[in-house]
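> model this:
(one chain, ligands or ions: 1)
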Amino acid sequence: MSTHKANPQVTEALGATLSDSYTLLQIAHIYHWNVVGPNFIKLHEFFEEQYTELFTAVDDIAERLRALDVLAPTTLKALRGNGTIGDIDGAAPAEKMVAGYLEATEKLIAGLKKLRKASGDAGDQETEDLAIGRLASHEKTAWMLRSLLK
Ligand SMILES: [Fe+2]
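Just a heads-up that it's a prediction; the model follows:
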């Protein structure tokens, strides 16, 4: 038994967050592989930390959908397709990768704010708590990326 009736605004925003989080994970992995330049070691390690953290996050987000008695995406297309983050250039110079990762992070943050609002409005504090935790993590990353680009 789920503790909440699935609220469509909440589950839609949760699905978008899952897609964008999975896309960001894949971007981090591609950048981890292909980044070049004098900051190679730092960025290679940074992107590894990112995809490692996101791997745990996407699992928590998908399992929250299940706890709300909604199936996680059932196709690869659906896993990728409910989000807002577009494709990337995985052969770009390091600075463009950092800027691109910041842009993707900001899209995920915008989606998480929708999820925080929808779950707050629905009285779903567990999903709201998940959204707040993810927001804190991605906002910290966005700050670090902005600092790197100054
Ligand atoms: Fe690696």
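
> check which helix or strand covers residue 136.
According to DSSP states H and E, residue 136 maps onto helix 125-148.

> now do residue 6
Assigned by DSSP H and E, residue 6 falls within no helix or strand.

> ditto for the one 4 residues further on
Following DSSP H and E, one finds residue 10 within helix 8-34.

> In that helix, which residues are buried?
Of the residues in helix 8-34, 10-11, 13-32 count as buried by neighbour count, 16 or more other CB atoms under 10 Å. Every C-beta, even on glycine, is put in place using the N, C-alpha and C of the backbone.

> pLDDT (mean, whole number) over the host helix or strand of residue 105?
Residue 105 belongs to helix 94-121 when elements are defined using DSSP H and E. When pLDDT is averaged along helix 94-121, the result is 98.

> Could you list every helix and strand in contact with that helix?
Under the contact criterion of 3 or more CB pairs under 8 Å, 6 or more residues apart in numbering; DSSP states H and E, helix 94-121 touches helix 8-34, helix 40-67, helix 125-148.

> Out of those helices, flag the one nearest residue 104.
With CB to CB as the measure, helix 8-34 is the member of the helices and strands packed on helix 94-121 nearest residue 104 (5.4 Å).

> now the helices and strands packed on helix 94-121 in TSV, with mean pLDDT and distance to residue 110?
Shown next, in TSV, are the helices and strands packed on helix 94-121 (pLDDT from 0 to 100; distance: least, CB to CB, whole Å):
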stretch	mean pLDDT	distance to residue 110
helix 8-34	97	9
helix 40-67	98	16
helix 125-148	97	10
